[in-house]
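1. model this:
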Amino acid sequence: MILHGLIQHNEPNAQDMSGILDGIKIIDLSRVLAGPYATQILFDLGAEVIKVEAPWGDDTRKWGPPFAKGFDGKEVAAYFLSCNRGKKIINIDIKKNSSELLKLIADADVLVENFRPGTLNRLLGELPKDLIVCSISAYGSNGPRRDEPGYDIALQARSGIMSITGEAEGSPAKVGVAWIDVITGLNASNAILAALFHKMKTGESKHIDISLWDCAIASLVNQAHNVLVSGKDPSRMGSRHPNLVPYSAFQAKDGWFVIGVGSDRQWEKLVELLKIDSKPEWAVNAGRIKDRDEVELCISEILSSKLRKDLEVLLEGIPCSPVNTISEALNDPQSIARDLVQQHEGVTVIGSPLKFVEP
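-> Numbers count the residues shown, from 1 in each chain. Sure, this is the predicted structure:
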């Protein structure tokens, strides 16, 4: 099957999957992205994942267009396909039929949910003592915002990431995917694996409290620590880096091209390859940051007359890349070699990034 020119890969063989979590049963009560993304990772590791949806289905089933044939053959939004492959999906109205759900939970190892804090207990009462529960919420189980709802865009705004995303003279911009949801899903799956390991060692089950807010703040990494050290809030810089120069997108003859210099040695090599008229003080990163505009102007003038494909050859060894479209990235030879576009139950999906090789 060919979709917009994309090369479709074959269904991965069963022996290609790791099977690390064979025998682990996950009940997924979560909706939208963070929780489903976490449980999809656990499926990739070999767990059985049973996704319980309300009779009207997960919200993201209708988040389209575009729509496509789903894993059950019914039309569904592409968004839903991105984080629900491999799961057995059943429909239960929890408010009216909690007993059916409790039967499923009775022999499960992990329960993942993203109700508002306290809702799970009100709906289901006391859960088995040996059950690992992962609760995902907007702001966590305590604090003044505990009961506030939160979609990714609201958390991107409140966490500060939007204040540093976008062009300097433009309006604040959110990251082009639900960045905080994805990071929360990664953290949740990591915490669940740790809880399973802890239970294996001690027999003790944990209740995991993961919030989009905590994950967003933690993921500000160097930008947050720049504030802690300097006391100054960073501003929007487009593709520029607050701590490195040059580290930005430049206009080449046929489109945008990124150069990211991470060391003075790389700068020295870049000067040689592009024949930059460099000043002595630019030999160190601090000097380049001080003269950021002048450094970037020198590079822009050189790149404006060069094709991106020629720049990639010329700058081998320097971190650089054309700014690709999504379809260009999916068709990249590396994506093909790594089998990142696959068929799953007759549906075209992005493959798992988790790969295990023989030592």
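2. Okay, now the unreliable bits of the chain?
-> 1-18 (pLDDT under 70).
3. Which parts of it are helices?
-> For the chain, the helices defined by DSSP state H cover 34-44, 78-81, 98-105, 119-124, 152-159, 179-202, 212-218, 221-230, 264-274, 285-290, 292-303, 308-314, 326-330, 333-337.
4. Please identify the deepest-packed of these.
-> Neighbour counts (mean count of other CB atoms under 10 Å) averaged over each of these peak at helix 34-44, with a mean of 25. In this view, the C-beta of every residue, glycine as well, is placed from N, C-alpha and C.
5. what about the strands in the stretch 1-150 of the chain?
-> For the stretch 1-150 of the chain, applying DSSP state E, counting those that start in this stretch gives strands covering 25-28, 48-53, 67-69, 75-77, 88-91, 110-113, 132-137.
6. Which one of the helices of the chain lies nearest to Pro55?
-> Set against Pro55 and scored by CB to CB, the helices of the chain come closest in helix 98-105, at 12.3 Å.
7. what comes into contact with the closest one?
-> 27, 50, 52, 92, 94, 111, 123-125, 127-128, 131 (CB atoms under 8 Å, 6 or more residues apart in numbering).
8. again, 7 Å this time
-> 27, 50, 52, 92, 94, 111, 123-124, 127-128, 131 (CB atoms under 7 Å, 6 or more residues apart in numbering).
9. how near is the residue nearest in space to the middle of the chain to Asp152?
-> What sits nearest the mean C-alpha location of the chain, by CA atoms, centre = their mean, is Val182, with 3.7 Å. As for Val182, its distance to Asp152 is 9 Å (criterion: CB to CB, to the nearest Å).
10. And for Val271?
-> 41 Å.
11. And this protein, what are its domain boundaries?
-> Structurally, the chain divides into domains by automatic domain parsing as follows: 14-222, 247-323.
12. Relative to Gly238, which of those domains is closest?
-> domain 14-222 (4.5 Å).
13. coming back round to it: are any of the contacts of helix 98-105 buried, and which?
-> Listed as buried from the contacts of helix 98-105 are 27, 50, 52, 92, 94, 111, 124, 127, 131; burial here means 16 or more other CB atoms under 10 Å.
14. How about the contacts made by the last one?
-> Translated: Leu131. By CB under 7 Å, 6+ apart, the neighbours of Leu131 are 105, 108, 111, 205.
15. how far away is it from Lys199?
-> 10 Å.
16. joint contacts of the two?
-> With CB under 7 Å, 6+ apart as the test, Leu131 and Lys199 both reach Ser205.
17. can you list the buried ones among the contacts of helix 98-105 in JSON lines and add distance to Ala78?
-> As requested, those are exported to JSON lines (distance: CB to CB, whole Å):
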{"residue": "Ile27", "distance to Ala78": "25"}
{"residue": "Ile50", "distance to Ala78": "23"}
{"residue": "Val52", "distance to Ala78": "22"}
{"residue": "Ile92", "distance to Ala78": "25"}
{"residue": "Ile94", "distance to Ala78": "27"}
{"residue": "Leu111", "distance to Ala78": "28"}
{"residue": "Leu124", "distance to Ala78": "32"}
{"residue": "Leu127", "distance to Ala78": "34"}
{"residue": "Leu131", "distance to Ala78": "33"}
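18. Taking the residues you listed, tell me the two that lie furthest apart.
-> Spanning the widest gap among these are Ile92 and Leu131, at 17.3 Å by CB to CB.
19. Quick check: the residue of the chain positioned farthest from its centre vs Tyr247, distance?
-> Distance to the chain centre peaks in the chain at Pro280, reaching 40.5 Å (criterion: CA atoms, centre = their mean). According to CB to CB, Pro280 stands 21 Å off from Tyr247.
20. What's the local residue count around Cys134?
-> Each residue near Cys134 was counted by other CB atoms under 10 Å, and the total is 25.
21. contacting residues around it?
-> Here Cys134 is in contact with 110, 112, 188, 191-192, 208, 210 (CB under 7 Å, 6+ apart).
22. Stretch 328-347: how far from the chain's middle?
-> Mean-position distance between stretch 328-347 and its chain equals 17 Å (CA atoms, centre = their mean, to the nearest Å).
23. meant to ask about stretch 338-356
-> For stretch 338-356, the separation from the chain centroid amounts to 16 Å (computed by CA atoms, centre = their mean).
24. Residue numbering should commence at 17 henceforth.
-> OK, 17 is where the count begins now, so the last one is stretch 354-372.
25. Need the distance between the two termini of it.
-> Using CA to CA, to the nearest Å, the end-to-end distance of stretch 354-372 comes to 12 Å.
26. and if you look at stretch 291-309?
-> 18 Å.
27. Then stretch 287-298?
-> 10 Å.
28. what's it in contact with?
-> Contact partners of stretch 287-298, identified using CB under 7 Å, 6+ apart, comprise 286, 303-304, 307, 311, 314-315, 318, 330-331.
29. Try it again at 8 Å.
-> By CB under 8 Å, 6+ apart, stretch 287-298 touches 283, 286, 303-304, 306-307, 311, 314-315, 318-319, 330-331, 334.
30. All good on my end, thank you.
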